[in-house]
Structure formats: C-alpha cells, structure tokens
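Engineer: sequence unknown, structure follows:
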C-alpha cells in the first residue's frame, strides 16, 4: 500500500534466494488488492523487494524452514525522494494518473501551502472521478485551509465586514464558518463534482515554454479555459459553474443584510474568475520557483 493506505496494484514483488546463482529471481505484480504469492519454495534465506513507479524500493529478508508458510507484514511504499515518474508500456493511463496525483499531493509552496492543482507534466493523463474527489477532499481538510479561513475571518472581523454576524467570539465563529464553507464548497463543486460530470480536468497545466507574452496569455486564459478529459482545450464550464454555485449556496449562511440576490452571486463569480487569472500568472511565473522537491517526469512519456 502507499503512505495514504491505498492499495498499490501492479507493484513489482521480487523474491531472490540468498547465495544462489542457479535459482533466478521470481517476480510477481501485485493484484487489485495489493496481494502477491510465491509457492513451492525451498527452505533457506530470501530477499523480498517491492517496487513501484514513483516509489522507493522496500526490501526485507525472510528465512524459511522446511514446510513453513510465511505471511509478510503489510508493506508501505514511500514516494521516491527524487520524485521521478518512470513509465513503461505496461502502465495504464489510470495507473500513471494515480502516481502523478500522489506526487502532486506533495507539492507545497515554501514547503507549506498546498499546490495540489498544478500539473508540471504537460502529458499528464486525465483524472478519474475518484482522483478528482480525492484532491478536493485533501485540499479542503488540509491544515492550511483551516488556518487560511481563520486568518480571513480575523480580517473580516477587524473591518466589521458582514456586520450582521456581530462581534466577539460568536461573530468570529460565524465568519470563520462562512470562510471555510466558501473554500470547501468551491473545491467540492469547482474541482470535483462539475469536473466529474463534465469530464474536465480541474488542474492548471504549467506551460513553462514560449515567449513571455505567450505564457502570459496562456496563464490569463486558464481562468476560462481548461483541458478536458479527452485532452482537448475547452471552456472552463466547471470553474465558472463552481463559482456560481458557491455564491448561490453562500446566500444560505451569510447575513440577510449582506445578500443582494443573483446580482451578488454573479459579481462574486466574476471576481473569482479574475482571481483565477491572477493565480494563473503566479503559477506560470512565480510559484514553481517557490515549490521545493517538484516531480521530475523526465521524457518517459
């Protein structure tokens, strides 16, 4: 399994008899449940190695006696320190996508702020529904998301924004809940539900090549254009609908005095799109330099 407890299907289990050049290593790929099985082994000492794309190889030594049946403890594969992805012809697009998402979940600006929704591999395969929801969930419950909501609530309280919430601990708690709900709902709808339904990829695909003007236009367009699961660029319906949905739902918990109906919802959506364009510029020109231990995808695909 991986460090998140997910099963690693297709990992390579290699069993080698110690001090014997006449008995070749036996290799098995783990099945859909992460299992492997070697039978009809002679008594002796063996080395068991488990490896997988993007993971460090785990090795243990096993001593078998005559007639013994040995069940190895569950083995956790850790992400390779070099974070390299090596793709072979046997790897399916979904297997590659799963490994790349595991690497993306390690991306943090300054080693702290989540930077999960950026693909530095231009040929990254599309995410399936499970991976889209996994990224949204991990972003929503990340400690930085809770801290960010707390900081925003503090700023709003200091400026007495959403005055209907009042002041004091109760007012802060309401502002905190609203700020956190905005982020969580935006992630859920804009990065998971709508992308799954419309078959669109919620990630920003880093360009990194071309003139400054070309990269600037590409980054600005990312607010309204995204890559579909079919690999083609298309209008970012998921992001736009996610912004509208978040604004609409927020009317349920923001003070009545701060609700202006549909007008506010569309205004907030427009602001979110503008913010997405600015964020795209930062992703294209700044964030990569501030994100340590980025994956090295090489030229394998």
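Structural biologist: In hand now; what should we look at? As the structure is a prediction and not an experimental result, all values here were calculated from the model.
Engineer: got the contact list for stretch 277-287?
Structural biologist: 109, 115, 118, 204, 206-208, 215-216, 218-223 (Cβ atoms under 8 Å, 6 or more residues apart in numbering). Quick note: C-beta positions are derived from backbone N, CA and C, even for glycine.
Engineer: tell me how far the ends of it are from each other?
Structural biologist: Start and end residues of stretch 277-287 are separated by 14 Å (Cα to Cα, to the nearest Å).
Engineer: May I see the buried residues of that stretch?
Structural biologist: Across stretch 277-287, burial judged by 16 or more other Cβ atoms under 10 Å covers 279, 280, 281, 283, 284, 287.
Engineer: Is the third one located within a strand, as I assumed?
Structural biologist: No: the assignment for residue 281 by DSSP: H, G, I helix; E, B strand; the rest coil gives helix, which leaves it out of any strand.
Engineer: Tell me how far it lies from residue 288.
Structural biologist: Going from residue 281 to residue 288 by Cβ to Cβ, to the nearest Å gives 12 Å.
Engineer: which residues in the stretch 101-250 of the chain form helices?
Structural biologist: 129-140, 143-158, 168-188, 194-198, 212-221, 237-250 (DSSP state H, counting those that start in this stretch).
Engineer: can you list the domain ranges for the protein.
Structural biologist: Per automatic domain parsing, the domain ranges recorded for the chain read 1-78, 93-290.
Engineer: Do you know the pLDDT at the residue with the largest distance to the centre of the chain?
Structural biologist: The centre of the chain is farthest from one residue, residue 66, which by Cα atoms, centre = their mean lies 46.7 Å away. Reported pLDDT at residue 66 in the predicted model: 87.
Engineer: cool, the one 5 residues further on as well?
Structural biologist: Per-residue confidence (pLDDT) for residue 71: 84.
Engineer: Helix or strand: which one has it?
Structural biologist: Applying DSSP states H and E as the criterion places residue 71 outside every helix and strand.
Engineer: May I have the phi/psi pair for it?
Structural biologist: Note on residue 71: backbone dihedrals following degrees, to the nearest 10 are phi -110, psi 110.
Engineer: Apart from its neighbours in sequence, what residue is nearest residue 185?
Structural biologist: residue 246 (4.9 Å; Cβ to Cβ, 6 or more residues apart in numbering).
Engineer: So that neighbour sits against residue 190, correct?
Structural biologist: Yes: with contact defined as Cβ atoms under 8 Å, residue 246 counts as touching residue 190 (7.2 Å).
Engineer: Relative to residue 289, how far out is residue 113?
Structural biologist: Taking Cβ to Cβ, one finds residue 113 at 14 Å from residue 289.
Engineer: cool, and residue 15?
Structural biologist: 44 Å.
Engineer: Name the residue in the two with the higher neighbour count.
Structural biologist: Neighbours around residue 15 and residue 289, counted as other Cβ atoms under 10 Å, are more numerous at residue 15. The numbers are 17 against 9.
Engineer: quick one: secondary structure of the more buried one?
Structural biologist: Applying three-state DSSP: residue 15 is strand.
Engineer: Make 30 the starting number, not 1.
Structural biologist: Sure, I'll start numbering at 30, so the last one becomes residue 44.
Engineer: buried set for stretch 260-279?
Structural biologist: In stretch 260-279, counting by 16+ other Cβ under 10 Å, buried: 265-279.
Engineer: Likewise for stretch 74-92?
Structural biologist: 75, 77, 78, 79, 80, 81, 82, 83, 84, 91.
Engineer: Now find how far off-centre the helix or strand hosting the fourth one is within its chain.
Structural biologist: In the assignment (DSSP H and E), residue 79 maps to strand 73-80. Taking Cα atoms, centre = their mean, to the nearest Å, the mean C-alpha location of strand 73-80 is offset from the chain mean by 32 Å.
Engineer: Hmm, residue 208 and residue 183 touching each other?
Structural biologist: No: counting by Cβ under 8 Å, residue 183 sits too far from residue 208 to count as a contact (9.6 Å).
Engineer: Now do the same contact list for residue 58.
Structural biologist: 39, 40, 41, 42, 65.
Engineer: repeat that for 10 Å
Structural biologist: 38, 39, 40, 41, 42, 65, 81, 119 (Cβ atoms under 10 Å, 6 or more residues apart in numbering).
Engineer: so what's the backbone phi/psi at the third one?
Structural biologist: Backbone dihedrals for residue 40, given as degrees, to the nearest 10, come out at phi -70, psi 160.
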